[in-house]
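please work out how this folds:
(one chain, ligands or ions: 1)
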Amino acid sequence: MSGQYYDVVDATPFLYGYYHTKEISLIRDALRAFLSNHDFPGQNNHRILDIGCATGRAIESIHAEAPGSLFVGLDISPKMVRLAKTRRNSPIELLVGDIRCLPFRKGAFDFVYTLEVLEHLARKTKGIPAAVSEVMRVTRAGGSCTFESTSFWHFQLQEIISRGLPGAHVSLLQQRGLTRFSKTYRTSPLSVAEPSRPGFISELIRSYGGKIESTSWIRVIPEQTFVVLSSDPIRSILTRADELLTRLPGLRRLGREFVIRCVKTTG
Ligand SMILES: C[S@@+](CC[C@H](N)C(=O)[O-])C[C@H]1O[C@@H](n2cnc3c(N)ncnc32)[C@H](O)[C@@H]1O
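Purely as a prediction, here's the structure:
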């Protein structure tokens, strides 16, 4: 991945930009909930870890919620960490590392989150259990952690639709002047996001001492709809309808992404 990822996010506010904004707002909600349970007046000195922080945009968006806390960003890509170091003004510690083998002691953090990383792990059957186990290990008892992944069921649906609309994403990226990304997408479409079953991740969280507090969903309506319908007013109506769908029990499980928030119960 390169810094170009955020060019795509910024150029597609109704699609990748939307997922990104929703994910950040769910992390902000989780942090507020955590702080409201743990903060005493005048105290705000928690240790917060963003795994797969890329250029540090998520940290930047939530930093004001807990200004006295220590924010640490970790990413497997030295290039991303270099970019993050040159771009950030806020006091963030940044380091290169792998979610499957975190360079921190047990219980080192109060609040941990990982956005858009699980779906990029190679050899998932081993990679995801190692990642979940490590996140739970570095979260202290009573601390909070949040995991995001793309969902298997939604991608099954998209797979079927894309047979009828081949190349929809590529043409969208070309329209938006993102041809370099569109070439990558064409050659390795599945490396962009390989989904998981939410039940699989939830079971792992429980088995490593987590108690699930909530599971939220992002975007039920398949993204090809937003690519094909290029009128912004229609996209905005669809987005509002989609917000309702992500709250409907049963149907929301078809969402593209799920975000699981949990509390670490054991030491
Ligand atoms: C799609 S980006 C998401 C960045 C950021 N979390 C966000 O939501 O804006 C995925 C990031 O995860 C990083 N990454 C991929 N595999 C990783 C691993 N095993 N450990 C830590 N970071 C990883 C990539 O280098 C990349 O910066």
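
what's the residue in the stretch 51-200 of the chain that the ligand sits nearest to in contact with, if anything?
Of all residues in the stretch 51-200 of the chain, the one sitting closest to the ligand is Gly52 (3.1 Å; Cβ to the nearest ligand atom). Glycine gets a C-beta too; all of them are placed from N, C-alpha and C. With contact set as Cβ atoms under 8 Å, 6 or more residues apart in numbering, Gly52 has these partners: Leu74, Asp75, Ile76, Ile99, Thr114, Leu115, Glu116, Val117, His120.

who wins for most neighbours among the residues you listed?
Highest neighbour count within the contacts of Gly52, by other Cβ atoms under 10 Å: Asp75, with 26 neighbours.

what sits opposite it in the beta ladder?
Applying DSSP bridges to Asp75 gives these bridge partners: Val96.

that one and Ala54 touch, don't they?
Yes: the pair Asp75 / Ala54 is scored as a contact, 5.9 Å apart, by Cβ atoms under 8 Å.

what is in contact with the two at once?
Ala84.

any weak-confidence spans in this protein?
1-3, 39-43, 88-90, 123-124, 165-171, 176, 178, 180-193, 267 (pLDDT under 70).

which residues are contacting the top helix by length along it?
When the chain is parsed with DSSP state H, its longest helix is helix 16-38. With Cβ under 8 Å, 6+ apart as the test, helix 16-38 has contacts from 8-13, 44, 46, 48, 58, 61-62, 65-66, 110-111, 113, 115-116, 143-144, 146, 148, 213, 216, 218-219, 239, 256-257, 259, 261.

roughly how far out does that helix sit from the chain middle?
Centroid separation for helix 16-38 versus its chain: 10 Å, with Cα atoms, centre = their mean, to the nearest Å.

ok, and for it, which residues are buried?
16, 18-20, 22-24, 26-27, 30-31, 34-35 (16 or more other Cβ atoms under 10 Å).

and what of stretch 105-125?
For stretch 105-125, by 16+ other Cβ under 10 Å, it's 107-121, 124.

just checking, which of those residues belong to strands?
Among those, the members found in strands (DSSP state E) are Phe109, Asp110, Phe111, Val112, Tyr113, Thr114.

ok, which pair from the buried residues of stretch 105-125 is furthest apart?
Across the buried residues of stretch 105-125, the longest distance by Cβ to Cβ is 28.2 Å; it joins Asp110 and Lys124.
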